[in-house]
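# Requesting a structural model of the entry that follows:
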Amino acid sequence: LMFSYLARVARAPAELATLSLLVGIVVAESLLLAPQLRWPNDLVLNGGKVAGILVELVTPPDQPLFAIIGIGINANLTADELPPTDRLPATSLLVEGGEEIDRITLLEALGAGLDAALERFGREGFAPFVERYAALDGLAGHAITLKLPQESVPGTAVGIDAQGHLVLRLADGS
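Numbering: from 1, shown residues only. Presented below is the predicted three-dimensional model:
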């Protein structure tokens, strides 16, 4: 199931960086198999990527900005149909749950969930969603290495902050 969702949200452009996290929450909560979120834009079930999110901000001159939110969910792919990957192995809702998903019903649930979440986000920002994200966070407590342009930084993922930034505990405790 792949689709794009057009979002017009009355927030400062810097706040829109959390949109992929917000959308991840909605997608995860709409799926019956309870995937975990892998910051910043993947949904994982049993160690395999089941869905991904990409957000593109569009800033037309002299008009309000908007976001195009792309969502892809491996719904009814069999194990043989899953694409090869160089990162997380792919999985699907069919492989993990054993039965086909009605994609139209899922799309309708996602649309309703996105409408409600984005309306609240427009009023209150990302802060009301931080705890919901934490409940789904698949990286928290895991050793990871951030690969930055100039260096790699090893540490333990702690969660996210109110701005959606990944929080990493370094070996020295900072």
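# Next, give phi and psi for the spatially most central residue of the chain.
By Cα atoms, centre = their mean, the chain has its centre lying nearest to residue 24, at 2.9 Å. When read as degrees, to the nearest 10, the backbone of residue 24 gives phi -60, psi -40.
# what's the answer for the one 3 residues further on, then?
Torsion angles at residue 27 (phi, psi; degrees, to the nearest 10) stand at phi -60, psi -50.
# hang on, the earlier thing: from residue 4, how far off is the residue nearest to the centre of the chain?
For residue 24, the distance to residue 4 (Cβ to Cβ, to the nearest Å) stands at 16 Å. The C-beta positions use only the backbone N, C-alpha and C, and glycine is treated the same way.
# cool, residue 92 as well?
Relative to residue 4, residue 92 is positioned 20 Å away (Cβ to Cβ).
# out of these two, which sits in the busier spot?
residue 92 (22 against 11; other Cβ atoms under 10 Å).
# what pairs with the worst-scoring helix or strand of the chain on mean pLDDT, and is each one parallel or antiparallel?
Across the helices and strands of the chain, mean pLDDT, DSSP states H and E gives its lowest value to strand 143-147, namely a mean of 93. Applying DSSP bridges, strand 143-147 is found paired with strand 152-160 (antiparallel).
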